[in-house]
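>>> Here is a sequence together with a model predicted from it:
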Amino acid sequence: MKVAVKELLADRRNGMFSWWQTLLVAPIMGFVYWLFVSGFRRFRDEDVTPR
């Protein structure tokens with residue numbers, strides 16, 4: 001995982017990470033985030049406030 005992050009940062013420094021890649025990946029990452037957040041909907045009605 002660390003190697004992948006280093007390679008991504010190195011690519012970005014070299015100018016290989018372009019604006020069109022951002023536009024391409026942003027909807028996919030938004031969908032992944034929505035799936036992650038919607039997984040917590042089952043806890044919506046639970047009262048977690050301290051008494």
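Done, it's in. Remember, predicted model here, so these are calculated numbers, not experimental data.
>>> At the geometric centre of the protein, which residue do we find?
residue 29 (5.0 Å; Cα atoms, centre = their mean).
>>> Restricting to C-alpha, output the helix or strand containing it in CSV.
Using DSSP states H and E, residue 29 falls within helix 19-38. C-alpha atoms of helix 19-38 as CSV (Å, rounded to 0.1, in the frame of the first residue of the first chain):
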residue,chain,number,x,y,z
TRP,A,19,-7.3,17.0,-14.7
TRP,A,20,-9.2,14.5,-16.9
GLN,A,21,-8.1,11.7,-14.5
THR,A,22,-9.6,13.7,-11.6
LEU,A,23,-12.9,14.1,-13.5
LEU,A,24,-12.9,10.4,-14.4
VAL,A,25,-12.1,9.1,-10.8
ALA,A,26,-14.2,11.6,-8.8
PRO,A,27,-17.6,10.1,-9.6
ILE,A,28,-16.3,6.6,-8.8
MET,A,29,-14.8,7.7,-5.5
GLY,A,30,-18.1,9.5,-4.7
PHE,A,31,-20.0,6.3,-5.3
VAL,A,32,-17.6,4.4,-3.0
TYR,A,33,-18.0,7.0,-0.3
TRP,A,34,-21.7,6.9,-0.6
LEU,A,35,-21.7,3.0,-0.3
PHE,A,36,-19.5,3.4,2.8
VAL,A,37,-21.7,6.0,4.5
SER,A,38,-25.0,4.3,3.6
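>>> distance between the ends of stretch 42-51?
Stretch 42-51 has an end-to-end distance of 22 Å (Cα to Cα, to the nearest Å).
>>> next one: it to chain centre, how far?
26 Å (Cα atoms, centre = their mean, to the nearest Å).
>>> for that stretch, what is the average pLDDT?
Average pLDDT, stretch 42-51: 81.
>>> Equivalent analysis for stretch 28-37, please.
Mean predicted lDDT for stretch 28-37 stands at 95.
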